[in-house]
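Visitor: Fold the following and give me the result.
(one chain, ligands or ions: 2)
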Amino acid sequence: MMIIVMKKTATKEQIEALLRRIKRWGFETHLSTGDNKTVIGIIGKGETLQERAFLAFDGVENVMQVNKPYKLVSREFHPEKTIIDVKGTKIGGKNIVIMAGPCSVENRDTVMEIAKAVSSRGAAILRGGAFKPRTSPYSFQGLGEEGLKILRQAADENNMSVITEVMDARYLELIGKYTDIFQIGARNMANFTLLKEVGKSKLPVMLKRGMSSTLQEFLLAAEYIMSEGNESVILCERGIRTFEQYTRNTLDLAIVPAIKELSHLPIIVDPSHATGRKYLVAPMALAAIASGADGIMVEVHTSPSEALSDGAQALLPDDFGKMMSSVDIIAKAVDRTV
Ligand code: PEP
Ligand code: MN
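Guide: Numbering: from 1, shown residues only. Ligands and ions are numbered 1, 2, ... in the order given. From the prediction side, this is the model:
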């Protein structure tokens, strides 16, 4: 990919003239319009283009090649960080975003109770699975559309937004009617057909890191979504598989500042699936924020012992409240707000 950085003073007409010319040459363009700068990315056989040829155009400041395998997700293409606005909640800005809720949507009363509990303690986004990616086909698979309706109602009644997992492109349209953010689960991070489909959607997508994926594979999965036109991608570190067995996964927190360095996309940390143990959730949530995460996603249940999935890692509302008080202190220490 070749990148053309436009001058701050470049006019709309100059940018459009350049875009028209590049298209006429048969190349695909991606435009990144920041507060400061407009950057044009040229995809395709961009290598064969001469950098110098573009310097002659009015309004062009600089031309360079991006030699990384991921392009649109890279800092080079988009120097300013991406801030995604979900009904007024800004993900990737100064404010730390809290996503909380049950692992799965089990029944209306429980979800209503949990939504109220987490919202009153500072969560802006309600999580909950209606279509569950279970390891065993005999485990609870989720309530489907009924679950989506419950989630929507619980969020609306508490002035929250909804995030829920989409496991299959066939359900995108249905889930899109109820959710504000599509979640792509760890097991589907490399489901490229699904990634392309959510890439065509207008809704933000939170992409969870595959349990055995490298940082580069993770960013390339995000590139799949962006390359289809969806710029609202949120990354989520949820632990990777290592030889350690005590924790459910190994939380790779170094990836948070690494992603900040390499990409402009926001990153959330999920300490619940990363640890699998309730008492480890709050400490890892705090560490995540200290390391620069833009938010956390945690599982909360009013009666963890009766939960149909992931009870062992669910926080009680009061534990969640205590964690939130500490989140506040750590956020201030790293110049963030909650
Ligand atoms: C989830 O967040 O509901 C979930 C299934 O997590 P993961 O995809 O990270 O395992
Ligand atoms: Mn879960």
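
Visitor: how about the residue of the stretch 151-300 of the chain found nearest ligand 1, what does it touch?
Guide: Nearest residue of the stretch 151-300 of the chain to ligand 1: Gly185, at 3.1 Å (C-beta to the nearest ligand atom). Backbone N, C-alpha and C define where each C-beta goes, glycine included. Neighbouring residues of Gly185 by C-beta atoms under 8 Å, 6 or more residues apart in numbering: Pro133, Glu165, Met167, Lys208.

Visitor: Just give me the neighbour total for the third one.
Guide: Around Met167 there are 20 other residues, counting by other C-beta atoms under 10 Å.

Visitor: And Ser139, how far from ligand 2?
Guide: Distance, Ser139 to ligand 2, by C-beta to the ion, to the nearest Å: 11 Å.

Visitor: Restricted to strands, list the contacts of Gly185.
Guide: Glu165, Lys208 (DSSP state E).

Visitor: all helices for the stretch 51-200 of the chain, in order.
Guide: 51-55, 108-120, 145-157, 172-176, 192-200 (DSSP state H, counting those that start in this stretch).

Visitor: List the buried residues for the fourth one?
Guide: Looking back up the chat, that one is helix 172-176. Using 16 or more other C-beta atoms under 10 Å as the test for burial, helix 172-176 gives Leu172, Ile175, Gly176.

Visitor: between the residues you listed, which is closest to ligand 2?
Guide: Ile175 (17.2 Å; C-beta to the ion).

Visitor: which residue packs closest to the closest one, ignoring adjacent ones?
Guide: In space, and not counting its chain neighbours, Ile175 is closest to Val166: 5.0 Å by C-beta to C-beta, 6 or more residues apart in numbering.

Visitor: check contacts around that neighbour.
Guide: Phe131, Leu172, Ile175, Phe182, Gln183, Ile184, Leu194, Val198.

Visitor: Make a markdown table out of those residues and add distance to Asp35.
Guide: What follows is these, written out as a markdown table (distance: C-beta to C-beta, whole Å):
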| residue | distance to Asp35 |
| --- | --- |
| Phe131 | 38 |
| Leu172 | 32 |
| Ile175 | 33 |
| Phe182 | 27 |
| Gln183 | 29 |
| Ile184 | 29 |
| Leu194 | 33 |
| Val198 | 27 |
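
Visitor: Fine, thanks again, bye for now.
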